[in-house]
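Peer 1: predicted structure and sequence below. I'll ask about it afterward.
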Amino acid sequence: MTEPYFYSSTTYTPRDRSEIISVATGLQKLDKKIGGLNKKEITVLSGLRGSAKSTWLSQFALEAVNAGKKVALFSGELEESRVFDWLHLQAAGKNYTMPTQYENLYFVMPQVKPLIDQWMAQKLFVYNNNHGNKVDAIMHALENCMEQKAVDVIILDNLMSIDMGATSFNKNEKQTELIWLLKAFAKKNDVHIVLVAHPRKAIGFLRIEDISGTADLTNAADNVFIIHRVNNDFKRLSQLTFRWKQDNPVYEFNNVIEICKNRDMGYQDDMIGLYFQKEGKRLVCERVENKQYGWTALLPPTAR
């Protein structure tokens, strides 16, 4: 049957919302706003250096695993061992980490690492950077991962680490090709893709327009989030931009995730305050949060 060029009100197929599969981010205040990240869609994530982009993404990967989903993660700037070290810390949480002589450095208790690995083994897959960072190599690896592992979430951290064969003359064109390639891939393979795109140097408070590259990145994306670190620059620039008072409640948090665009629910210009737990390198909505991931079921009863 030939597909119609246009639908009428009696020939289109209504969308059954109950059939939309969403993957919860694990940040309850964010999930309450957007309902999670839908499969077949793309999220663009941005933020200044040190704002906790990679922290949130590895935590989201663990949340997906905890929900029985599978995740493929490309980290172009970190070796695989560093990625897994960070995942171990976040999976362990503050109950199963040990302090060191350094204020912000914690180690995972050695007896729990094998349990975390066992729990993640068939659900979380980190790209082998020895295969290179050319876009064709990465897409081939993702195709293979879909065939072999049937993952639900793909995390690409980050755009600048992907070699698109671009020059100074066709950079935007190559980025446009990539975002539409990823959109088609997400829809075809029933997967959610998160793409990290660094911002260009912003003069004022970081906005969606400051995300580096072609505007097609944010136009094509179904969600656009910016993670901010609540430091002195954030306070100064937000007061200039939004006329916030010095006692604004958002300043009590360590980080903020800003919903710049959410096509499904229509949310935008909303900020979710987050606390950073240094022991387990987690971002949480409430200071007292201490989530236990599924690997703890493998602990002996006396060790839980």
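Peer 2: Yep, it's here.
Peer 1: excluding chain neighbours, give the residue nearest to the one residue sitting closest to the centre of the chain in space.
Peer 2: Most central residue of the chain, judged by C-alpha distance to the mean C-alpha position with CA atoms, centre = their mean, is residue 57 at 3.6 Å. Of all residues beyond its chain neighbours, the one nearest residue 57 is residue 155 (5.2 Å), with distances taken as CB to CB, 6 or more residues apart in numbering. (Each C-beta comes from the backbone N, C-alpha and C, glycine too.)
Peer 1: secondary structure element holding the one you found?
Peer 2: According to DSSP states H and E, residue 155 maps onto strand 153-157.
Peer 1: again, but for residue 257
Peer 2: Counting by DSSP H and E, the element that carries residue 257 is strand 255-262.
Peer 1: packing partners for that strand?
Peer 2: On a contact count with 3 or more CB pairs under 8 Å, 6 or more residues apart in numbering; DSSP states H and E, strand 255-262 meets helix 28-34, strand 223-229, strand 270-277.
Peer 1: which other residues reach the last one?
Peer 2: Contacts of strand 270-277 from elsewhere in the structure, counted by CB atoms under 8 Å, 6 or more residues apart in numbering, are 27, 29-30, 33, 52, 55, 93-94, 249-250, 252-259, 282-287, 289.
Peer 1: only the buried subset of the residues you listed, as a PyMOL command please.
Peer 2: Here the buried members of those are turned into a PyMOL selection, burial being counted by 16 or more other CB atoms under 10 Å:
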select buried, resi 27+30+52+55+93+250+253+254+255+256+257+258+259+282+283+284+285+289
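Peer 1: ok, the nearest residue to residue 259 once chain neighbours are set aside to residue 221 distance?
Peer 2: In this structure, residue 259 finds its nearest non-sequential neighbour in residue 270, 4.4 Å apart by CB to CB, 6+ apart. In this structure, residue 270 and residue 221 are 16 Å apart, going by CB to CB, to the nearest Å.
Peer 1: circling back: state the distance from the residue nearest to the centre of the chain to residue 192.
Peer 2: With distances taken as CB to CB, residue 57 is found 12 Å from residue 192.
Peer 1: where in the stretch 51-200 of the chain is pLDDT low?
Peer 2: When the per-residue scores of the stretch 51-200 of the chain are filtered using pLDDT under 70, no range remains.
Peer 1: let's see 80
Peer 2: By pLDDT under 80, the low-scoring segments of the stretch 51-200 of the chain are 166-169.
Peer 1: now do the strands in it.
Peer 2: Taking DSSP state E, counting those that start in this stretch as the test, the strands found in the stretch 51-200 of the chain are 71-75, 97-99, 106-108, 124-126, 153-157, 192-196.
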